[in-house]
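Asks: sequence first, then the predicted structure, then my questions.
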Amino acid sequence: MTSRLEKNVFLPQQISISMIRSMTGYGVAEQTYDSKTITVEIKTLNSKQLDLQMKLPNELRSAELDFRNSIGAKLQRGKIDAVVTVTDTDLTQTYHIDQDIVKAYKDQIESISGQLHLPSSADLANILFRMPGIFNVPTMNYDEAFIAKVGETLNQALDKVDDFRVQEGQTLKKDLLHRVALILNLLEQVEPYEKSRHEVIKQRLVKNLAELTSSGQYDENRFEQELIYYLEKLDITEEKVRLRQHCNYFNESCDDDQAGKKLGFIAQEMGREINTLGSKANEVNIQKLVVQMKDELEKIKEQVCNIL
């Protein structure tokens, strides 16, 4: 038997436009069909996986799997709460009072009141209408056409969630690009301090070298090897180049489809270069700049966690 999903009755189009999206979203859609109002409300938050909670009338349980597949195909990832409600707008057909049951309750209440000599209640009607079984609610039977209409309403709600995610994503993108620009600006401020840093290191080496040569107790070849190694360990050129490349790559990747995890990996690499830069700095002003870079990077990582 062919399923509704195979017939493509209400399977939505997957995300096709490459654009950064937040995992925070909200959408609600409502339609009226055959004297019934269909309402679909969807809320989404960030999550590493697809975590879907769905509430819908028991009469629609047969289509729940198709609905879930539709939501998963459209929203991909995140903590998602979806609620489907159906209300009948024709109240005359929805409820009716069972008069025989009401009369039976009334007779029993009056009989017991008389036997126990209880005073008559002035609010007998209110008591009766609170008794169980007074209202008869007809069983809802939904055909394929009605279920398809629910799927159509679901798609409308999903489109609104996606629009919300895109808007939130553009706000996140603006903030991320701003913070990456701050890191690049801080990186540029490192260069003036490098010259004074080199001079301090040079003076320190010259002083130590003078002490060694005056004593004559050292291996010249070994000293040259150690000196070259020491200078290479202090050089931060590679870290600066790689950090700048990672920042540029981060900016380029912001519009990639489902860029959240990718941006997270790039942010980790940025952090690695910033940490190495700080450990090699040996200069108080560069250390201060590194601390500011780390602060901006932490804010970037927090924002990236909410990107699809």
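Replies: In hand now; what should we look at?
Asks: hey, let's count contacts and neighbours off CA atoms from now on
Replies: Fine.
Asks: what residues are up against Gln53?
Replies: 80-82 (Cα atoms under 8 Å, 6 or more residues apart in numbering).
Asks: for Thr37, same thing?
Replies: 30-31, 86-89.
Asks: just checking, it is part of a helix?
Replies: No - going by DSSP: H, G, I helix; E, B strand; the rest coil, the assignment for Thr37 is strand, not a helix.
Asks: burial of the nearest residue to it once chain neighbours are set aside, as a residue count?
Replies: The shortest distance from Thr37 to any non-neighbouring residue, by Cα to Cα, 6 or more residues apart in numbering, is to Thr87 (5.2 Å). Thr87 has 13 neighbouring residues, counting by other Cα atoms under 10 Å.
Asks: and if you look at Pro119?
Replies: If you count neighbours by other Cα under 10 Å, Pro119 ends up with 9.
Asks: can I take it that it is in a strand?
Replies: No - applying three-state DSSP, one finds Pro119 to be coil, outside a strand.
Asks: is it true that it touches Ser111?
Replies: No - using Cα atoms under 8 Å, Pro119 is not in contact with Ser111; the gap is 11.9 Å.
Asks: for Asp88, give its distance to Glu302.
Replies: According to Cα to Cα, to the nearest Å, Asp88 and Glu302 sit 45 Å apart.
Asks: quick revisit: just the contacts of Thr37: which are in strands?
Replies: Secondary structure from DSSP state E places 30-31, 86-88 of the contacts of Thr37 in strands.
Asks: ok, the residues you listed vs Glu194, which is closest?
Replies: The nearest member of the ones in strands among the contacts of Thr37 to Glu194, counting by Cα to Cα, is Glu30 at 63.1 Å.
Asks: for this structure, longest helix please?
Replies: helix 144-188 (DSSP state H).
Asks: same for that one, what does it pack against?
Replies: Helix 144-188 sits against strand 25-33, strand 36-45, helix 64-75, helix 237-253, helix 284-304, with contacts defined as 3 or more Cα pairs under 8 Å, 6 or more residues apart in numbering; DSSP states H and E.
Asks: just give me the residue closest to the centre of this structure.
Replies: Taking Cα atoms, centre = their mean as the criterion, Asn46 is the residue nearest the geometric centre of the chain, at 2.2 Å.
Asks: now it: how far from Ser62?
Replies: Taking Cα to Cα, one finds Asn46 at 29 Å from Ser62.
Asks: can you give me the distance of the residue lying closest to Phe67 once chain neighbours are set aside to Arg197?
Replies: Among residues not flanking Phe67 along the chain, Gly151 sits closest, at 6.9 Å (Cα to Cα, 6+ apart). From Gly151 over to Arg197 the distance is 66 Å, taken as Cα to Cα.
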